[in-house]
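Enquirer: I need the structure of the sequence given here:
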Amino acid sequence: MIPTVFAFDDDKIEFIFDQHRPCLFLFRAESDSESAFQKTFEEAAAAHKGKILFSYSGVTDGIQERLAEFIGVTAADLPTLRAIMPEGMKKYVAPTAAADLTVENIG
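Expert: Alright, predicted model coming up:
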């Protein structure tokens, strides 16, 4: 089982990419762990559980840095919401700024 919202790490790579599970990634700074947009992201994860995975990530360390490079996120982009559909490796950029995220527009 995987948590409703989880930090992206080495243990989650296979679960997302090998099993072709779509995932929303909230790229943010570590200092944003208690931010309003993080709380909204968590609420959206609960509301949309079972439809898509919800993960958060930084951009500067280890596997999170490699994920950010793969998806095309830099520190200048933070915070930002991105989606990936591993089937076909499709990547999407959310048109909404992190500060304006709601449960509805994340859905």
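Enquirer: Could you pull out the strands in this protein for me?
Expert: Remark: strands of the chain, listed N- to C-terminal, are 5-7, 23-27, 53-57, 80-85, 90-93; assignment by DSSP state E.
Enquirer: partner strands of the fourth one, parallel or antiparallel?
Expert: Right, strand 80-85. Paired with strand 80-85 in the same sheet, following DSSP bridges, are strand 23-27 (antiparallel), strand 90-93 (antiparallel).
Enquirer: for the helix ranked longest in the chain, packing partners?
Expert: Counting by DSSP state H, the longest helix found in the chain is helix 36-47. Taking 3 or more C-beta pairs under 8 Å, 6 or more residues apart in numbering; DSSP states H and E as contact, the helices and strands that helix 36-47 lies on are strand 5-7, strand 23-27, strand 53-57, helix 103-106. All C-beta spots, glycine's among them, are computed from the backbone N, C-alpha and C.
Enquirer: In the protein, which residue is most central in space?
Expert: Per C-alpha atoms, centre = their mean, the C-alpha nearest to the average position across the chain is that of residue 25, at 0.9 Å.
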